[in-house]
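Participant: Let's see this in three dimensions:
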Amino acid sequence: MTHTPTVYVTREIPEVGLETLRERYEVVVRTEKLPPDQAEVRARLRKLDADGLVCLLSDDVDGDVLDASPDLSVVSTFSVGYDHIDLAAAAERGIAVGHTPGVLTETTADLTWALLLSCARRTVEAHAYVEAGEWEVWGPTLLTGADVHGSTLGIVGLGKIGTAVARRTAGFGMDVVYTGPNRKPGREAELGDVGVDATYVDRDRLLVDSDVVSLHVPLTQATEEWIGEAELRRMDDDAILLNTSRGGVVDTDALDTALERGWIGRAGLDVTDPEPLPAEHPLLRHAPERLVVTPHVGSASVGTRDRMAEMAAANVEAGIEGRELPHSALRDAGLK
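Facilitator: All right, here's what the predicted structure looks like:
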C-alpha cells in the first residue's frame, strides 16, 4: 500500500496554498484562531507522523519539535523571517526549511505610506471626530495636519522595503535621507533612476533633520530599542515615527513618554512590543490623536498573502519529494 505523506498546518492559510497541498498529501489544518503552544505542535506532529510542517512566526520550532515526528522532512514557514525556527537543529537533522522571501516588499511599503499619510493628515482622528457627532461646521483650523509634500523622510535601513518606501517619495517631492551600518551606492543609484536623491547620513543627523522617521531593520542585538528616549528627544516635536519592521526596535515605554510629553508629534505602528498590543495598554491612550496602530498587517493584501501560500506549499512539496527548496531558509542563512 502506497504511503500518502501528511502535512500539518498550524493555522489556516489562504486556500490557494492548501488546495495545492491537498492534491498530493493528507493535509491537517488547525482551525483555532489563537496560535498553538509548542507542546500542542509536538503532539500533533507525533500523532500524525507528519512528513511536512507549515508554521507561522508565532510558532517556536526547536529541536524538540523537529524530533516529534521521525518522518518530518520539511518545515515551511508562512513568513519571510525565520528566527522562530532553530535552523542549526534542522540542518543537523537533515530537515529542509523554507520561507517566503521577496514577496511582501511592495505591499509593506504601501502600508508604511498608509500610516504616514494617516498620521500626517490625521485621517483616523478625523473619522473618529465624525463618528462621534462632533462635526458641526467647517473651520479654518479644524484637524489641520502636516504637509507631506516637500518634507524630509528619514529611512532607517535602506534594504528592499526601505528602498520601496523611498521610491514612493518621487510623487511627493520629498527629500530622502537614510542611515545604517554602511552607505549603499547601489540603492542610491536605483532610487536616482526614478528621480529620488537619497543621501546617506549618520544616525543623529537623520533624527534631527527628518520630518518622518521610518524604520526598516530586522530585530537584532544591534537594533533592539534602536529608538529609545535619547533618540526620541533628538527628533523634532512635530516629527512622525513609523515602524513596520519589528516591535522591539522601539522602546515602548520611551515612546509612550514621548507622545505624552510632546517630544514627537505622532507615531504610526504596524508592529508593537508587546505584540499583540493589549487593548488596555497605556500606549493606546494616545490614539487616535497622536497614535495610529494596525495589527501587523504589512503584508495583508489578498495578492501577497495568496503568493505567500503558494510559496509555502511549493517548499513543502519540494521537501517531501527530496528536491531543493525553491525558497530555502537554510541556503539563505548560509547553512547549506
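Participant: what ranges do the helices span in the stretch 201-336 of the chain?
Facilitator: With helices called from DSSP state H, counting those that start in this stretch, the stretch 201-336 of the chain shows them at 203-209, 229-234, 252-261, 302-320, 329-332.
Participant: Please apply the same query to the stretch 51-200 of the chain.
Facilitator: Under DSSP H, counting those that start in this stretch, the stretch 51-200 of the chain gives helices at 63-66, 87-93, 105-121, 123-131, 160-167, 185-192.
Participant: what about the protein, any weak spots by pLDDT?
Facilitator: Low-confidence segments of the chain (pLDDT under 70): 1-2.
Participant: At the geometric centre of it, which residue do we find?
Facilitator: Centroid check for the chain by C-alpha atoms, centre = their mean gives residue 245 as the closest residue, at 4.9 Å.
Participant: Tell me how far that residue lies from residue 159.
Facilitator: Distance check for residue 245 against residue 159: by C-beta to C-beta, to the nearest Å, it reads 10 Å. (C-beta placed from N, C-alpha, C; glycine too.)
Participant: any residues in contact with both of the two?
Facilitator: When contacts are counted by C-beta atoms under 8 Å, 6 or more residues apart in numbering, residue 245 and residue 159 are jointly contacted by 216, 217.
Participant: residues contacting residue 327?
Facilitator: Counting by C-beta under 8 Å, 6+ apart, residue 327 has contacts 98, 99, 100, 101, 311, 314, 315.
Participant: whoops, I mixed them up, residue 209
Facilitator: 152, 154, 177, 201 are the contacts of residue 209 under C-beta under 8 Å, 6+ apart.
Participant: From those residues, which land in strands?
Facilitator: Judged by DSSP state E, the contacts of residue 209 include 152, 154, 177 as members of strands.
Participant: thinking the last one is in contact with residue 204, fair?
Facilitator: No: with the criterion set as C-beta atoms under 8 Å, residue 177 and residue 204 do not qualify as a contacting pair; they are 11.6 Å apart.
Participant: Which one of the two is surrounded by more residues?
Facilitator: residue 177 (22 against 12; other C-beta atoms under 10 Å).
Participant: who does the more buried one bridge with?
Facilitator: residue 154, residue 199 (DSSP bridges).
Participant: Quickly note the distance from it to residue 294.
Facilitator: Counting by C-beta to C-beta, the gap from residue 177 to residue 294 is 25 Å.
Participant: Kindly report the same for residue 271.
Facilitator: As judged by C-beta to C-beta, residue 271 and residue 294 stand 9 Å apart.
Participant: Tell me which of the two has more neighbours.
Facilitator: Neighbours of residue 271 and residue 294, each counted by other C-beta under 10 Å, are more numerous for residue 271; the result is 22 against 18.
Participant: tell me the contacts of that one?
Facilitator: By C-beta under 8 Å, 6+ apart, residue 271 lies in contact with 243, 244, 245, 246, 247, 296, 298.
Participant: neighbours of the fifth one, just the number please.
Facilitator: Residues contacting residue 247 under the criterion other C-beta under 10 Å number 18.
Participant: quick one: contacts for it?
Facilitator: Here residue 247 is in contact with 219, 269, 271, 272, 273, 274, 275 (criterion: C-beta under 8 Å, 6+ apart).
Participant: Of these, which qualify as buried by neighbour count?
Facilitator: 219, 269, 271, 272, 273 (16 or more other C-beta atoms under 10 Å).
Participant: Quick check on the fourth one: phi, psi?
Facilitator: This means residue 272. For residue 272, the backbone dihedrals (degrees, to the nearest 10) come out as phi -140, psi 170.
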